[in-house]
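In: Attaching a predicted model along with its sequence, questions to come.
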Amino acid sequence: MNAFRTGYVYVRSAFAGVLKETDKGYSFMPDDMKNALCMLLQDRLAILK
């Protein structure tokens, strides 16, 4: 699987992980799964308020 482009994802100035465009589509590799899930849930809950 070759990576064409790579992006580094930040959420609220905190590094969340690496997004890669490959020949099979896109993949996201979180830096720390626990932190990535916590940030995602916080953002989702903020939208519901």
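Out: Looks like it arrived, so ask away. Values in this document were obtained by computation on a predicted structure and should not be read as measured data.

In: can you map out the strands along the chain?
Out: In the chain, the strands defined using DSSP state E lie at 3-11, 14-22, 25-30.

In: can I get those in a markdown table with mean neighbour count, mean pLDDT and distance to residue 40?
Out: Just so you know, the C-beta spots here come from the backbone N, C-alpha and C atoms, and that holds for glycine as well. Putting those into a markdown table (neighbours: other C-beta atoms under 10 Å; pLDDT from 0 to 100; distance: least, C-beta to C-beta, whole Å) gives the following:
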| stretch | mean neighbour count | mean pLDDT | distance to residue 40 |
| --- | --- | --- | --- |
| strand 3-11 | 11 | 86 | 8 |
| strand 14-22 | 15 | 85 | 9 |
| strand 25-30 | 12 | 83 | 10 |
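
In: Mind checking those strands for the one nearest to residue 42?
Out: Each of the strands of the chain has some distance to residue 42 by C-beta to C-beta; the shortest is strand 3-11, at 9.0 Å.

In: Might you report the residue contacts of residue 8?
Out: 15, 17, 18, 19 (C-beta atoms under 8 Å, 6 or more residues apart in numbering).

In: Mind putting those into CSV with distance to residue 31?
Out: Conversion of these to CSV gives the following (distance: C-beta to C-beta, whole Å):
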residue, distance to residue 31
15, 5
17, 5
18, 8
19, 12
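
In: Of the strands of the chain, which is nearest residue 43?
Out: That would be strand 3-11 among these, by C-beta to C-beta, at 7.4 Å.

In: any idea of the angle that closest one forms with strand 25-30?
Out: Angle of strand 3-11 versus strand 25-30, following axes from the mean of the first three to the mean of the last three C-alpha atoms, to 10 degrees, is 40 degrees.

In: quick check: angle from strand 3-11 to strand 14-22?
Out: Using the same axes, to 10 degrees, strand 3-11 lies at 160 degrees relative to strand 14-22.

In: neighbours of the residue lying closest to residue 15 once chain neighbours are set aside, just the number please.
Out: The shortest distance from residue 15 to any residue other than its chain neighbours is 5.4 Å, reached at residue 31 (C-beta to C-beta, 6 or more residues apart in numbering). Neighbourhood size, residue 31 [other C-beta atoms under 10 Å]: 13.
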